[in-house]
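S.K.: fold the following for me, if possible:
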Amino acid sequence: MEYFKTLQELLKIERDEDFRQYQELTERIPVAIRRANGLSWYPVAIRNTELSRGDYMNVEFERTTHQELNHQFRFGAAVALFSNHDPADKIEGTIANVTGSRCRVSFKVEELPDWSRDGKLGLDLLFDNNSYNEMERALKEASETIAGPKAQTDNLVALLTGIRKPAFDTPYHTYPIPALNAMQQAAVHRILAAKDLAIVHGPPGTGKTTTIVQAIKALIKKEKQQILVVAPSNTAVDLLTEKLAEAGLNVLRIGNPARVSTRLQTMTLDSKMAAHTDIKNFKALKKQASEYKNMAHKYKRNFGRAEQEQRKALFNEAHKIMKEVEQLEQYIANQVINSADVITATLVSSNHYTIRQIKFGTVFIDEAGQALEPATWIPILKAHKLILAGDHCQLPPTIKSHEAARKGLNTTLMEKATRLYPEAVTLLEEQYRMHTQIMEFSSRVFYDGRLTANVQVSTQILFPGDQPFVFIDTSGCGFDEKQEDYNISNSEEALFLLKHLRSYVSMVAEQQQLDSFPSIGIISPYQEQIKTLEPLIVQDDSMGIYRKNITVNTIDSFQGQERDIIYISLTRSNTEQKIGFLSDIRRMNVAMTRARKKLVIIGDGSTLSKSDFYLNLMHYAEEIGAYHSAWSFMAD
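M.R.: Modelled structure (predicted):
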């Protein structure tokens, strides 16, 4: 089918670009730089080894230095164990678990090579072929499902490619939930009534997660079926896992939680299996197999024929016991999996070997507005009914290839389905985060003016007479941007922001106690501007006691977060009116909707005015008396 052929071509372009960038970061680069980029753990020490499924061995490693460095090691990622003695000494494995500075890696070997006992060892993150392979497999299977004489026209593939329309039970199955507002309740009812597809469009602060959790509870009560809940990132999956558990559901987290907490660890398959009544038998058999293998390892290959035969016999006995171990492990795993109300996983991990064969009545995809479409097909193929939840008016998926994005890979399945089937969509209209003036412009531009502010937040300000939204125009101030190798910054604008923040913080301090001082976020779309702003804040003496309340970061890093006060440094200021990255207005929607009580946007109006979005933003500011020239603050 042409639909999937196009997606496969775009995915190939993305894969090639991703691999090119990976090679750029890793080829002929010293281990210290790879480590700083989060692509290596070095040095590492072996803390434990144990037998695993089939011919696999699990090895636990620990970073012995540089534990404070961020890294990109994740469950399911491929890594290579290497030695500092010889670059040729390498063995590949897959990460089974990451906890703090320890990770467990599964290698398809009976024993580690001799070189692993000498010199310093390290782990290199390899290119993520697994995710691409899973996406390609899903696209191929989806294409085959809809093509040929045996094509099924009653499945989700037919629905999501526009061959048929979604269907709903009539009348709706009502399930009153007093904790929900009218539109949240309507979303739950539509999910319950949907025979195949429902979409929850949740703008910032509208309680999307609360709605999803209540819908899952109601669906389990109505249909008595296990539900699969997935999201693009481990962080989003972890949040949902915790919320579902707090709602009293038996949740099983497949994969490895990104946020290490005791509560999350107890919901993993490993932890639940460890609590199973048959685990003692499992451990005893495993220990027995391990002892046979240890005895076999004592026989070196240069021994005589009799010793070689004895070694072979010991390995055979170990393999025989491991077959029993696998069968018992599968039995325990099946019991744990079957007893769960909800299974949670990332999009790719939804095809984890432990749940690969399971079909689900309903699959929920959260943060579907950020999900790469080929990845969403992995869980969709396991579902009879699909619920998409998210906001395609916020951050799009992360795509490495500009070509693939331009040709359509940045358009999500949620965006397509929302356009195709408005009858399946419920927009959550009441938000619980922002003052009305902070909310209003986003509401008009992205949500047809339908958002309302809950009465508890609609008029919230930090002190009497404060303006909740301010746009400060730096036109004519000579705050010119600086550009080096695509890195853009504006030091004068940064200094101006600091001066304004310092003045505003002093006003707030007159009204607020230190222990209840509001949280502050300083945002820029440009990483180089963040690097300019951070030291200014850190080194400013007047910010000393308030510094712990301040976060400085890019827009992408603030996704899903909120602060009492938000400052946005737009950075761009040039005579050509080039705004580059700022033209992605969905990112700006994220930035502007992080603030609860105060939003300050600083930018060069003459540079920005070529864009209708920013021109209208300035008009809106004028309309509510929130537009100011930076000159009015210069004399202060």
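S.K.: state the pLDDT value of Gly205.
M.R.: Note on Gly205: pLDDT of 96.
S.K.: and if you look at Gly560?
M.R.: So Gly560 comes in at 83 (pLDDT).
S.K.: before we move on, what about Pro257?
M.R.: Reported pLDDT for Pro257: 76.
S.K.: any residues touching the helix or strand bottoming out on mean pLDDT in the chain, and which ones?
M.R.: Lowest on mean pLDDT, DSSP states H and E among the helices and strands of the chain sits helix 279-297, with a mean of 71. Taking contacts as Cβ atoms under 8 Å, 6 or more residues apart in numbering, the residues outside helix 279-297 that touch it are 50-51, 110-111, 273, 311, 314-315, 317-319, 321-322, 324-325, 328-329, 332. The way it works is simple: take the backbone N, C-alpha and C, and place the C-beta from them, glycine included.
S.K.: which element is the nearest residue to Ala383 once chain neighbours are set aside on?
M.R.: Closest residue in space to Ala383, ignoring its immediate chain neighbours: Val363 at 3.7 Å, by Cβ to Cβ, 6 or more residues apart in numbering. Secondary structure from DSSP states H and E places Val363 in strand 360-365.
S.K.: just give me the neighbour total for Asp418.
M.R.: Asp isn't right for residue 418; it's Thr. 21 (other Cβ atoms under 10 Å).
S.K.: so where does it fall, helix or strand?
M.R.: Using DSSP H and E, Thr418 sits within helix 413-420.
S.K.: relative to strand 360-365, how tilted is that helix?
M.R.: Angle of helix 413-420 versus strand 360-365, following axes from the mean of the first three to the mean of the last three Cα atoms, to 10 degrees, is 100 degrees.
S.K.: burial count for Arg74?
M.R.: For Arg74, using other Cβ under 10 Å, the count is 18.
S.K.: adjacent strands (with direction) for the strand holding Val363?
M.R.: Applying DSSP bridges, strand 360-365 is found paired with strand 227-231 (parallel), strand 383-390 (parallel).
S.K.: which other residues reach that strand?
M.R.: Residues from elsewhere that reach strand 360-365, judged by Cβ under 8 Å, 6+ apart: 212, 215-216, 219, 223, 225-231, 343, 347, 350, 371, 376, 379-380, 382-390, 414.
S.K.: run through the neighbouring helices and strands of the helix or strand just after it.
M.R.: Using DSSP H and E, the helix or strand that follows strand 360-365 in sequence is helix 373-380. Counting contacts by 3 or more Cβ pairs under 8 Å, 6 or more residues apart in numbering; DSSP states H and E, helix 373-380 packs against helix 2-26, helix 129-146, helix 156-160, strand 360-365, helix 413-420.
S.K.: quick one: closest of these to Gly478.
M.R.: The minimum distance between Gly478 and these falls on helix 2-26, with 36.9 Å, by Cβ to Cβ.
S.K.: give me the buried positions along whichever helix or strand comes after the closest one.
M.R.: Under the assignment DSSP H and E, the closest C-terminal helix or strand after helix 2-26 is helix 31-36. Residues of helix 31-36 classed as buried by neighbour count (16 or more other Cβ atoms under 10 Å): Val31, Arg34, Arg35.
S.K.: what does the average pLDDT come to for helix 31-36?
M.R.: 92.
S.K.: which residues are in contact with it?
M.R.: Contacts of helix 31-36 (Cβ under 8 Å, 6+ apart): Leu25, Thr26, Ser40, Trp41, Tyr42, His66, Leu69, Asn84, Gly122, Asp124.
S.K.: next: stretch 543-561.
M.R.: Applying Cβ under 8 Å, 6+ apart, the contact partners of stretch 543-561 are 235-236, 394-395, 501-502, 505, 509, 514, 517-527, 530, 533-534, 537-538, 563, 587-588, 590-591, 594.
S.K.: list the buried residues of it.
M.R.: Quick answer for stretch 543-561 (16+ other Cβ under 10 Å): Met543, Tyr546, Asn549, Ile550, Thr551, Val552, Asn553, Thr554, Ile555, Phe558, Gln559, Gly560.
S.K.: sorry, back to before: from the contacts of stretch 543-561, which would you call buried?
M.R.: 235-236, 394-395, 501, 505, 517-526, 530, 533, 537, 563, 587-588, 590-591, 594.
S.K.: tell me the most buried of the strands paired with strand 360-365?
M.R.: Greatest average neighbour count among those goes to strand 227-231 (a mean of 26), per mean count of other Cβ atoms under 10 Å.
S.K.: picking up where we left off before, any chance of a PyMOL selection covering the buried ones in the contacts of helix 279-297?
M.R.: Buried subset of these, written as a PyMOL selection, criterion 16+ other Cβ under 10 Å:
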select buried, resi 51+273+311+314+315+317+318+321+322+325+328+329+332
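S.K.: Pro396: what secondary structure?
M.R.: Taking DSSP: H, G, I helix; E, B strand; the rest coil as the rule, one finds Pro396 in the coil state.
S.K.: thought it was touching Asn410?
M.R.: Yes - using Cβ atoms under 8 Å, Pro396 is in contact with Asn410, at 4.9 Å.
S.K.: that older thread, which ones among the buried residues of stretch 543-561 lie within strands?
M.R.: Of the buried residues of stretch 543-561, the ones assigned to strands by DSSP state E are Ile550, Thr551, Val552, Asn553, Thr554.
S.K.: which of these lies closest to Tyr132?
M.R.: Thr554 (26.2 Å).
S.K.: so where's the stretch 201-350 of the chain shaky on pLDDT?
M.R.: For the stretch 201-350 of the chain, the stretches with pLDDT under 70 are 258, 260, 292-294, 296-305, 307, 311.
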